[in-house]
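*Asks:* build me a model from this:
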Amino acid sequence: QVQLVESGGGLVQAGGSLRLSCVASGLTLSNYAMGWFRQAPGKEREFVARIKWIGGSTYYADSVKDRFTISKDNAGNTVFLQMNRLAPEDTAVYYCKAGQIWGFTRTTPDDLWGQGTQVTVSS
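*Replies:* Numbers count the residues shown, from 1 in each chain. Sure thing, here's the model as predicted:
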C-alpha cells in the first residue's frame, strides 16, 4: 500500500521557520521525484519544490527560492521542506507528492499525494 505521510505543519509568526516532513512507503522511490505543492483557500494547488530521488537535484518555485530548502533522507524514505522567513502568503495546506520528474511542476492523474499538513503564518 502506497502511503505519503506529512507532518510538521503549524502556526508560526511572520519571519519564523517550520520544517515539514514526508515519509514514503510502499513505492520504489528511485523511480520517482518527490516534492511539495501547496493550496491556499480558493486557489489552485501550486508547485513549491521538488527533488530527484536519484542524484538529488532540486528545483523551486520562484516564490520560495532562497527561503525554502528541500532535502531527503534516503535511509528513512523521507523528504523534508525547511521553510525560513515565512510570510502570510505562505499560508496553505502543504502536500507531499511522488511523481515522474518530467512535468513534475504540474498535477497529473498518476501523481501520488499525501493527506496534507496545514501551515498558517500570522502577520
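*Asks:* SS state for Tyr95?
*Replies:* Three-state assignment for Tyr95 (DSSP: H, G, I helix; E, B strand; the rest coil): strand.
*Asks:* Phe68 - how many residues pack around it?
*Replies:* 22 (other CB atoms under 10 Å). Just so you know, the C-beta spots here come from the backbone N, C-alpha and C atoms, and that holds for glycine as well.
*Asks:* and it, what does it touch?
*Replies:* The contact partners of Phe68, by CB atoms under 8 Å, 6 or more residues apart in numbering, come to 48-49, 60, 81-84.
*Asks:* of these, which count as buried by neighbour count?
*Replies:* Neighbour-count burial (16 or more other CB atoms under 10 Å) applied to the contacts of Phe68 gives 48-49, 60, 81, 83.
*Asks:* how about JSON lines for these, with secondary structure, pLDDT and distance to Gly8 added?
*Replies:* As requested, these are exported to JSON lines (DSSP: H, G, I helix; E, B strand; the rest coil; pLDDT from 0 to 100; distance: CB to CB, whole Å):
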{"residue": "Val48", "secondary structure": "strand", "pLDDT": "98", "distance to Gly8": "14"}
{"residue": "Ala49", "secondary structure": "strand", "pLDDT": "98", "distance to Gly8": "14"}
{"residue": "Tyr60", "secondary structure": "strand", "pLDDT": "98", "distance to Gly8": "18"}
{"residue": "Leu81", "secondary structure": "strand", "pLDDT": "98", "distance to Gly8": "8"}
{"residue": "Met83", "secondary structure": "strand", "pLDDT": "98", "distance to Gly8": "9"}
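*Asks:* could you identify the most distant pair in those residues?
*Replies:* Spanning the widest gap among the buried ones among the contacts of Phe68 are Tyr60 and Met83, at 11.5 Å by CB to CB.
*Asks:* closest one of the buried ones among the contacts of Phe68 to Thr117?
*Replies:* Nearest to Thr117, judged by CB to CB, of the buried ones among the contacts of Phe68 is Leu81 at 9.9 Å.
*Asks:* excluding chain neighbours, what is closest to the closest one?
*Replies:* Once flanking residues are discounted, Leu81 sits nearest to Leu20: 4.2 Å by CB to CB, 6 or more residues apart in numbering.
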